[in-house]
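S.K.: can you look at this prediction? I've put the sequence above it.
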Amino acid sequence: MIFRTCCLLLFLFTAPLTRAAGKTIVLPTGNITFPGARMIDPDGQGDFNTLVIPIKRAQNLIMIEAKIDSLQGNFILDTGAPYLVLNETYFRDAIRYGNADDAGGINGDATAFQTIVKKFNIAELSYDRLQADVTDLSGIENSRGVRVLGLLGTRLFAKFAITVDLFQNELYIHKLDKDGNIPAGEEIFHDPYLSMPFNYADNTLYLKAEISEHAFWFAFDTGAETNLIDYRLSKKIAASIQVINRSKLTGIGGSTYELIYARFDKLVIGGRNFENNKFLIASMDKMGKSYGHSVDGMLGFDFFARGVFTINFVKKQFDMYISKDQ
């Protein structure tokens, strides 16, 4: 799509393309099938307290290196995806354990199937017999010119806390104590600028926000390259919006959609005010269907790149650390 004047970018919401994967699954057990069934993913294991993983950047996407069975490569950290998602380009011949529904997204639909990964490792963090969705991620590779084996969804970190530091390009994976806290001595950052609970539904994080005295629930998505708000809800804050540009998004099936790129000055999250906020305004009908319920919008790179953030999946707490120099 035309993102800004004289600048051509491919805007990809990776999570919505995989969100529906995992619904209405049929897993074979002998001659018996169980519609809607999904295996319970194993918890990750490893002899560590805190892992420090280098982050690779593909424009606004966060990538880390991981190993699946004998294949090692780049995976996108995507809190909008529910599970481990594999790129069909490299795993099309994987054993199929079931077919997933079409996965809906803002820019079209994709199909997926499920497989079982015998061994999956992120450094010393290891998973055995992990269920994964397989879908077409070639659009991400083609737009970035980088090999992408898959997406790392939220379920992988359900028993951990993760900290993302884009200034030093480091990801921290923290083991938690019996109370769900990062143990004393293992905390990397202190005195967060904001600290707030999040809602966690269908493996998706939702942060409550306020714009022009209207409350919204935004999905927090590290796989989204910008912020997004549904066009119907944007009417409530129309007086505070300044249109920057009108854009066109090309969907998977070749259809085009008009988007509005806009800014507004006041976004309140966790009692803190964020200024100079940029959002795309677009229909989120397809995305809502893939999530299984309506979605007000998404907080992507334009939001979380402002600081270091920690997601504690056990306590369901979101912290952000912002330097006085930022």
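M.R.: Alright, I've got the coordinates.
S.K.: look at residue 92 and say how many residues are nearby.
M.R.: Other residues near residue 92 number 11, with proximity taken as other CB atoms under 10 Å. Quick note: C-beta positions are derived from backbone N, CA and C, even for glycine.
S.K.: dump the residue contacts of it.
M.R.: Applying CB atoms under 8 Å, 6 or more residues apart in numbering, we find residue 92 in contact with residue 134.
S.K.: mind listing the helices for the stretch 201-326 of the chain?
M.R.: Listed in chain order, the helices of the stretch 201-326 of the chain (DSSP state H, counting those that start in this stretch) span residues 231-234, 285-291, 301-304.
S.K.: what's the least confident stretch among those?
M.R.: For these, the bottom mean pLDDT is recorded on helix 285-291, which sits at a mean of 62.
S.K.: okay, now residue 55: neighbour count?
M.R.: Here the neighbour count serves as a burial measure; for residue 55 (other CB under 10 Å) it reads 16.
S.K.: what pLDDT does it get?
M.R.: According to the model's per-residue confidence, residue 55 sits at a pLDDT of 97.
S.K.: repeat for the one 5 residues further on
M.R.: In this model, residue 60 is scored at 90, pLDDT.
S.K.: quick one: low-confidence parts of this protein?
M.R.: Screening the chain residue by residue with the criterion pLDDT under 70, one finds the ranges 1-40, 98-111, 247-257, 285-294, 323-326.
S.K.: contacting residues for residue 309?
M.R.: With contacts taken as CB under 8 Å, 6+ apart, residue 309 has the following neighbours: 163, 164, 318, 319, 320, 321.
S.K.: nope, residue 41 is what I meant
M.R.: Contacts of residue 41 were listed using CB under 8 Å, 6+ apart, and they are 83, 127, 130, 131, 155, 156, 158.
S.K.: any idea how far residue 79 is from it?
M.R.: Summarising the geometry, the distance separating residue 41 from residue 79, computed by CB to CB, to the nearest Å, is 16 Å.
S.K.: residue 211 and residue 269: what is the separation?
M.R.: For residue 211, the distance to residue 269 (CB to CB) stands at 10 Å.
S.K.: of these two, who's got more company?
M.R.: For residue 211 against residue 269, the residue with the higher neighbour count under other CB under 10 Å is residue 211, and the figures read 25 against 21.
S.K.: now for the contacts of residue 41: which two are most distant?
M.R.: Of all pairs drawn from the contacts of residue 41, the widest gap by CB to CB lies between 131 and 158 and measures 13.5 Å.
S.K.: out of these two, which sits in the more crowded spot?
M.R.: residue 131 (22 against 14).
S.K.: residue 96 is in contact with that one, correct?
M.R.: No. In this structure, residue 131 sits apart from residue 96 without contact. The criterion is CB atoms under 8 Å, and the distance is 11.9 Å.
S.K.: identify the contacts common to the two.
M.R.: Common contacts of residue 131 and residue 96, defined by CB under 8 Å, 6+ apart, comprise 114, 115.
S.K.: would you turn the contacts of residue 41 into TSV with distance to residue 278 and secondary structure?
M.R.: Written out in TSV, the entries for the contacts of residue 41 read as follows (distance: CB to CB, whole Å; DSSP: H, G, I helix; E, B strand; the rest coil):
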residue	distance to residue 278	secondary structure
83	30	coil
127	36	strand
130	36	strand
131	37	strand
155	30	helix
156	30	helix
158	31	coil
